[in-house]
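Novice: any chance you can model this:
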Amino acid sequence: MPAAASALTRLREHLHHTRLLGSISSSLYYDQNTVMPAAGAAWRGEQLALLASQLHERQSSAQYAELVQAAEAELGADAPPEQQRNLALLRLELNRQRCLDPALVGALAKAQSLGNAVWQDARARNDFSAFAPALQELIALRRQQASQLAAAEPAARSPWEILAQPFEPDVSKSRLQELFAPLKAELPVLLEQVAASHAMAPDASAAANHADLPEALQEQLCAELLDSWGYNASRCQRSRSAHPFSCTVGPADFRITTRVVPGQPLSAFLATAHEWGHSLYEQGLPRSDDHYFPWPLGEATSMGVHESQSLFWECRVARSRAFAERWHPRFCSGLGHDPWGNAAGFWRALNPLRPGLIRVEADELSYGLHIVLRFELELALLEEGMPVDDLPQQWNQRMRDLLGITPASDAEGCLQDIHWAEGLFGYFPSYALGHLISAQLSEAMEADLGGPGGLERCVARGEEAELRGWLAQRVWPLGRRVNGEQLVRQVSGAPLSAEPFLRHLRRTVAGLLSPA
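Specialist: Numbers count the residues shown, from 1 in each chain. Have a look, this model is predicted:
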């Protein structure tokens, strides 16, 4: 008779099957946002709700709790730290899952699927009133979720902080406010500097930024970009969706989506760079060692770190001057002429430095303020009693206060993002943290590449593979051994700060405003 499998072996098998279920859910989500007909939304909601309930059961059942406990008991004092960390993370998540009412889990999955469908229709028709009831329901359900999860938290946290933990482990409102305060103080000053410069010398690249790039050419350039950055068609796939995103379906199945935006000829190209950065990170996470996939250590460190990787490839590489100089001839060749005048004009078109209404189209300078707006509105909706019906007016007022512009419609205002339609409260700050982390990691990278300018020199030579190699060695393997702030300190040698990002913005603004 063969010996009984160890508790750790049985736990690993359980986690593997849980990952399989999760990947089915991811496949359905990808399908819903790319090719599913609108009439399939209700049935898709039931499918996702069923899977969510099954996943919750697998992660909260008494049988699973006994399995985790047996694995904990099996660990000796000399157990590898990776095993100890994996079981600590599993214990924390188990405690959280066991606090949740299964009925609430199913209700949330249905509300998320319905919210997604209603949002898409309301956005297309510019009708916030059609979306408001779905948003109100999602807020109510998320408040219930936070209330139930509170007992499992290792520290006292507010409802918003509890909901943010899956995205940014150990995050707090006070820490975010500390990190965002320098952005609120300096970004408007830099925006005023840009506005004054444009007033004295109108931005000649503004018209060129709206150069007519045929859709087929945009698709071709996106494909060429991916090919030059390591795209492997046997493991990766790109589709279209209303909102660009990256999705990992399995250990060797990586999907991204982009969109072509009328009047924004460079949008699809930059979105492709951004989403491919997410996918590169997913592909680089540790998966081969016994301590990683399907264990927690094989997961992304945090969404802030995830965003730092997408923003690195979009902002530090694809928007860099060296990149513009290399790719400018390729764009001009496809068009048959040069609407930007020269490579410097193309670089300015990639970095318009003009406050915009749409977050995903925002330049680096105003992006952080877009996130501050959403962070503050989430707190108002979840913790400060702001009525959902007040959201459009509050959004518009705060846009005026922070960015000096006002949406002409809710479609380009509070209806623009998919996140609240899926109840993803607590997610938005990770985008701004991504900018901060990316800047600090970039400075560490440049120190290893010969000092300031090392990154641009690599890009100028077409050696982006060297940048991927640095990230693959220093950042991607860390997985969930650390949280986001610990990763930054370990890689850069300093605590996370807004200053590296502000240094980068000051240099960028100075360069873009200098004579061509």
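Novice: can you read off the backbone torsions of residue 261?
Specialist: phi -110, psi 120 (degrees, to the nearest 10).
Novice: bridged to it, which residues?
Specialist: residue 264 (DSSP bridges).
Novice: what number of residues lie near it?
Specialist: 16 (other Cβ atoms under 10 Å). C-beta: built from backbone N, CA, C; applies to glycine.
Novice: per-residue confidence for it?
Specialist: pLDDT, residue 261: 88.
Novice: helix or strand next in line after the lowest-mean-pLDDT helix or strand in the chain, which one?
Specialist: When the helices and strands of the chain are scored by mean pLDDT, DSSP states H and E, helix 205-208 comes last with a mean of 50. Past helix 205-208, further along toward the C-terminus, the next helix or strand under DSSP states H and E is helix 215-228.
Novice: report the distance from that following helix to the chain centre.
Specialist: 22 Å (Cα atoms, centre = their mean, to the nearest Å).
Novice: flag every buried residue along the helix or strand that that helix is followed by.
Specialist: Later in the chain than helix 215-228, the nearest helix or strand by DSSP H and E is strand 236-240. Neighbour-count burial for strand 236-240 flags 236, 237, 238 (criterion: 16 or more other Cβ atoms under 10 Å).
Novice: quick check, nearest of those residues to residue 186?
Specialist: Nearest to residue 186 among those: residue 238, at 36.5 Å, using Cβ to Cβ.
Novice: wasn't residue 248 part of a strand?
Specialist: Yes: judged by DSSP: H, G, I helix; E, B strand; the rest coil, residue 248 forms part of a strand.
Novice: show me the beta-bridge partners of it.
Specialist: residue 254.
Novice: list the contacts of it.
Specialist: Contact partners of residue 248, counting by Cβ atoms under 8 Å, 6 or more residues apart in numbering, are 26, 254, 255, 279, 282.
Novice: likewise residue 117?
Specialist: Contacts of residue 117 (Cβ under 8 Å, 6+ apart): 38, 41, 45.
Novice: mind running it again at 7 Å?
Specialist: Listed by Cβ atoms under 7 Å, 6 or more residues apart in numbering, the contact set of residue 117 reads 38, 41.
Novice: measure it to residue 134 for me?
Specialist: 9 Å (Cβ to Cβ, to the nearest Å).
Novice: so the closest residue to residue 474 other than its chain neighbours is in which element?
Specialist: The spatially closest residue to residue 474, leaving aside those adjacent along the chain, is residue 491, at 5.4 Å (Cβ to Cβ, 6 or more residues apart in numbering). Counting by DSSP H and E, the element that carries residue 491 is helix 484-492.
Novice: residue 257 now?
Specialist: strand 253-258.
Novice: got the buried residues for the helix holding residue 491?
Specialist: 484, 485, 486, 487, 488, 491, 492.
Novice: residue boundaries of the strands in the stretch 401-516 of the chain?
Specialist: Counting by DSSP state E, counting those that start in this stretch, one finds no strands in the stretch 401-516 of the chain.
Novice: shaky segments in it?
Specialist: 516 (pLDDT under 70).
Novice: mind checking the end-to-end distance for stretch 477-486?
Specialist: 14 Å (Cα to Cα, to the nearest Å).
Novice: contacts for that stretch?
Specialist: Under Cβ under 7 Å, 6+ apart, the answer for stretch 477-486 is 85, 89, 168-170, 285-286, 292, 296-299, 301-302, 304-305, 433, 437, 487, 490, 495-496.
Novice: just to revisit the earlier point, please tabulate the buried residues of strand 236-240 in a markdown table, including the columns pLDDT and distance to residue 453.
Specialist: Formatted as a markdown table, those follow (pLDDT from 0 to 100; distance: Cβ to Cβ, whole Å):
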| residue | pLDDT | distance to residue 453 |
| --- | --- | --- |
| 236 | 96 | 31 |
| 237 | 96 | 36 |
| 238 | 96 | 32 |
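Novice: identify the spatial nearest neighbour of residue 332, chain neighbours not counted.
Specialist: residue 338 is the one closest to residue 332 (Cβ to Cβ, 6+ apart), at 4.5 Å.
Novice: please apply the same query to residue 6.
Specialist: residue 74 (6.2 Å).
Novice: any low-confidence regions in this protein?
Specialist: 1-3, 199-210, 516.
Novice: state the distance from the one residue sitting closest to the centre of it to residue 133.
Specialist: In the chain, the C-alpha nearest the mean C-alpha coordinate belongs to residue 307, at 4.5 Å (Cα atoms, centre = their mean). Here the criterion is Cβ to Cβ. By it, residue 307 lies 31 Å from residue 133.
Novice: OK, contacts around the residue nearest to residue 6?
Specialist: 6, 7, 8.
Novice: neighbours of residue 385, how many?
Specialist: 7.
Novice: residue 128 too?
Specialist: 21.
Novice: that one contacts residue 412, doesn't it?
Specialist: No: counting by Cβ atoms under 7 Å, residue 128 stays clear of residue 412, with 11.8 Å between them.
Novice: residues in contact with residue 460?
Specialist: Applying Cβ under 7 Å, 6+ apart, the residues near residue 460 are 322, 326.
Novice: equivalent analysis for residue 455, please.
Specialist: Applying Cβ under 7 Å, 6+ apart, the residues near residue 455 are 316, 442, 445, 446, 449, 467.
Novice: name the element residue 394 belongs to?
Specialist: Residue 394 belongs to helix 391-403, assigned by DSSP H and E.
Novice: the stretch 1-150 of the chain: helices as residue ranges?
Specialist: Taking DSSP state H, counting those that start in this stretch, the helices of the stretch 1-150 of the chain run over residues 7-34, 41-60, 62-74, 81-99, 102-125, 128-149.
Novice: roughly how far out does the one helix or strand residue 175 maps to sit from the chain middle?
Specialist: Take DSSP H and E as the rule and residue 175 turns out to sit in helix 173-200. Here helix 173-200 is found 22 Å from its chain centre; the criterion is Cα atoms, centre = their mean.
Novice: that helix: which residues count as buried?
Specialist: Neighbour count says helix 173-200 has 173, 175-176, 179-180, 182-183, 186-188, 190-191, 193-194, 197 buried, by 16+ other Cβ under 10 Å.
Novice: out of the residues you listed, which is nearest to residue 61?
Specialist: Using Cβ to Cβ, these come closest to residue 61 at residue 173, 33.3 Å.
Novice: follow-up on the earlier one: buried among the contacts of stretch 477-486? Make that a ChimeraX selection.
Specialist: The buried subset of the contacts of stretch 477-486, as determined by 16+ other Cβ under 10 Å, is captured in ChimeraX by this line:
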select :85,89,168,169,170,285,286,292,296,297,298,299,301,302,304,305,433,437,487,496
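Novice: now, which of the contacts of stretch 477-486 lie within helices?
Specialist: Using DSSP state H, 85, 89, 304, 305, 433, 437, 487, 490 are the members of the contacts of stretch 477-486 that sit in helices.
Novice: could you find the closest non-adjacent residue to the fifth one?
Specialist: Counting by Cβ to Cβ, 6+ apart, the nearest residue to residue 433 once its immediate chain neighbours are dropped is residue 304, at 3.4 Å.
Novice: would you confirm that the one you found contacts residue 437?
Specialist: Yes: using Cβ under 7 Å, residue 304 is in contact with residue 437, at 5.7 Å.
Novice: so what touches stretch 323-331?
Specialist: 221, 317, 343, 346, 347, 350, 459, 460, 462.
Novice: which SSE is the fifth one in?
Specialist: Take DSSP H and E as the rule and residue 347 turns out to sit in helix 343-350.
Novice: can you list the buried residues in that helix?
Specialist: So for helix 343-350, counting by 16+ other Cβ under 10 Å, buried means 343, 344, 345, 346, 347, 348, 349, 350.
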